[in-house]
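Peer 1: Let's see this in three dimensions:
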Amino acid sequence: MMTRDPIERRLPRFHVTPPRRDYYSATMSIDAEASPAPASRQPQSPAPRSPAHLFLAFNRLALRGFGGVLPWAQRTLVEEEGWLSNREFVEMLALAQVLPGPNIGNLALMIGDRFFGLRGALMAISGMFAAPLVIVIALAMLYSGFSDQPTVAAALRGMGAVSAGLIVGTAVKLVRASPPDRAGWVMMAATFLMVGLLRWPLVWVMLGVGTLSVWLAWKRGRP
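Peer 2: A predicted model of the protein is given here:
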């Protein structure tokens, strides 16, 4: 049997452990390298800088809208300011049309409330009707004295034709931006037939065709 040397027994014994790898930090670093970079955020739509900006925008919109504000509303809110997309404009306009009151007034209230709450709604509706109210009162006073003039009657007929053209052009633009499906075309044709040709009361057409359209959209969107 082999015996240890006395000198060897007196020497201190050292236990050397190999360095342990930090697997958690290594795993985290590998995952960080392997994981794809987060997708960049999509740029948000521009928004009005303040309620005063809302007031000025709707005031400018109202002053430009001789013969009909709706075509200018689409151009101002969607194309120039960029506050809404075409799809958002169509959806909000559809809601504004079924609510009581003028369409453009309802639209101004909804847009103002969307960005600045009640204060924004009040500023938008004020900008929409402040200047036109003064102009309409002044024109009404003048019209009472010149309404029997043939030139004035011809001018009003010409303004009516321009208004109709602007509305048709806006409708075509919105349909191109958000084309309806087959059921949508049927609802549009039925509404035009009932209101434009048969002269049925608008409230009953809205209740009938509108309710049917909402039901079809709800049924189509169900999982």
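
Peer 1: need the longest helix for the protein.
Peer 2: helix 103-146 (DSSP state H).

Peer 1: For that one, enumerate the helices and strands it packs against.
Peer 2: Applying 3 or more C-beta pairs under 8 Å, 6 or more residues apart in numbering; DSSP states H and E, we find helix 103-146 packed against helix 51-64, helix 70-74, helix 86-98. The C-beta positions use only the backbone N, C-alpha and C, and glycine is treated the same way.

Peer 1: 10 Å instead?
Peer 2: Packed against helix 103-146 by the contact rule (3 or more C-beta pairs under 10 Å, 6 or more residues apart in numbering; DSSP states H and E) you find helix 51-64, helix 70-74, helix 86-98, helix 150-177.

Peer 1: from these, which stretch is densest packed?
Peer 2: The highest mean neighbour count among the helices and strands packed on helix 103-146, using mean count of other C-beta atoms under 10 Å, belongs to helix 70-74: a mean of 21.

Peer 1: Quick one: residues in contact with it.
Peer 2: With contacts defined as C-beta atoms under 10 Å, 6 or more residues apart in numbering, helix 70-74 is touched by 58, 60-66, 80, 84, 86, 89-90, 93, 96, 103-104, 107-108, 111, 128, 163, 165-171, 173-174, 177.

Peer 1: Give me the most central residue, this structure.
Peer 2: Taking C-alpha atoms, centre = their mean as the criterion, Glu88 is the residue nearest the geometric centre of the chain, at 3.1 Å.

Peer 1: just how off-centre is stretch 181-198 within its chain?
Peer 2: Relative to the centre of its chain, stretch 181-198 is centred 25 Å away, using C-alpha atoms, centre = their mean, to the nearest Å.

Peer 1: Counting neighbours, which bits of that stretch end up buried?
Peer 2: Neighbour-count burial for stretch 181-198, with 16 or more other C-beta atoms under 10 Å as criterion, is recorded at 187, 191, 194-195.

Peer 1: among the residues you listed, which are in helices?
Peer 2: Secondary structure assignment by DSSP H places 187, 191 of the buried residues of stretch 181-198 in helices.
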